[in-house]
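Enquirer: only geometry, no sequence info:
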DNA sequence: ACATGGATTCGCT
DNA sequence: GCGAATCCATGTT
């Protein structure tokens, strides 16, 4: 099998290039239960210290320091005391950019994902269970132990390009009626939940697959 | 030390 | 459409 895992060169570019290109890629999570995976259908770009919606807006802190490091590392944080949000760091070192993964179209390990959600505190929905940044973290059992993990060199979470992937596992998944090879259109819109961010609230830095029913909202 | 509020989700009105 | 759940990083005293 050829290596279809996205490498550091993919992430080591400006976040406004990486965020839309992640659409259609497969986020894969290997757990004790088995493999859980989903197609990325919604992302948001957070664009450095200047972007008043970005956690780096006030400079480097204990929480956001990973954003200043190498591309491909994971920035995950607790929000509202009960959910995690999962980001991948982009750009060169010292440039604090990241992509928030906001929704997945379920691909594999769907029963494991349901189980994780039912076991998780407030998230009880067992449909649309990867729709929304907090829910997809619960579904994939992603927590703070993933902080700073290198997604290009991890054995428990990575991103695959389905156009390059010839593994039996993904072929099986794609034979279930979900086609990865359909062309799709990318829509841009305003980012969710950042009304405090002055002029940056209106930037069209949310990227979604047009008409995909697993996009949030 | 302390107060604040958030890149969310759900359930009820 | 709105309030609650629930925690801790961050900014302020």
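Expert: Ah, there it is. Being a predicted model, the structure only gives us computed values, none of them experimental.

Enquirer: top helix in chain A by residue count?
Expert: helix A:110-119 (DSSP state H).

Enquirer: for it, packing partners?
Expert: strand A:35-47, helix A:133-139 (3 or more Cβ pairs under 8 Å, 6 or more residues apart in numbering; DSSP states H and E). The way it works is simple: take the backbone N, C-alpha and C, and place the C-beta from them, glycine included.

Enquirer: Retrieve the pLDDT associated with residue A:136.
Expert: What the model reports as pLDDT for residue A:136 is 98.

Enquirer: returning to what we had before: out of the helices and strands packed on helix A:110-119, which is closest to residue A:213?
Expert: Counting by Cβ to Cβ, residue A:213 lies closest to strand A:35-47 out of these; the figure is 8.9 Å.

Enquirer: is the closest one up against DNA strand B anywhere?
Expert: Yes. If you take Cβ under 7 Å from any atom of the strand as the test, strand A:35-47 does meet DNA strand B, through A:44, A:46.

Enquirer: Just the buried residues of that strand, please?
Expert: A:36-47 (16 or more other Cβ atoms under 10 Å).

Enquirer: tell me which of the residues you listed is nearest to DNA strand C?
Expert: residue A:46 (13.4 Å; Cβ to the nearest atom of the strand).

Enquirer: touching DNA strand B at all, stretch A:8-15?
Expert: No. Stretch A:8-15 is not in contact with DNA strand B by Cβ under 7 Å from any atom of the strand; minimum separation 10.0 Å.

Enquirer: for residue A:99, helix, strand, or coil?
Expert: strand (DSSP: H, G, I helix; E, B strand; the rest coil).

Enquirer: Grab the nearest non-local neighbour of it.
Expert: residue A:19 (4.7 Å; Cβ to Cβ, 6 or more residues apart in numbering).

Enquirer: Residue A:14 too?
Expert: residue A:91 (5.9 Å).

Enquirer: so that neighbour sits right up against residue A:17, yeah?
Expert: No. Judged on Cβ atoms under 8 Å, residue A:91 makes no contact with residue A:17 at a distance of 9.6 Å.

Enquirer: Give the residue from those two that has the larger number of neighbours.
Expert: The residue with more neighbours, out of residue A:91 and residue A:17, is residue A:91; 23 against 12, by other Cβ atoms under 10 Å.

Enquirer: who's in contact with the spatially closest residue to residue A:30 that is not a sequence neighbour?
Expert: Nearest non-adjacent residue to residue A:30, counting by Cβ to Cβ, 6+ apart: residue A:156, 5.0 Å away. By Cβ atoms under 8 Å, 6 or more residues apart in numbering, residue A:156 lies in contact with A:29-31, A:149.

Enquirer: So which of these are in strands?
Expert: A:29-30 (DSSP state E).

Enquirer: Which member of the contacts of residue A:156 is positioned nearest DNA strand C?
Expert: Checking the contacts of residue A:156 one by one against DNA strand C (Cβ to the nearest atom of the strand), the nearest turns out to be residue A:149, at 16.9 Å.
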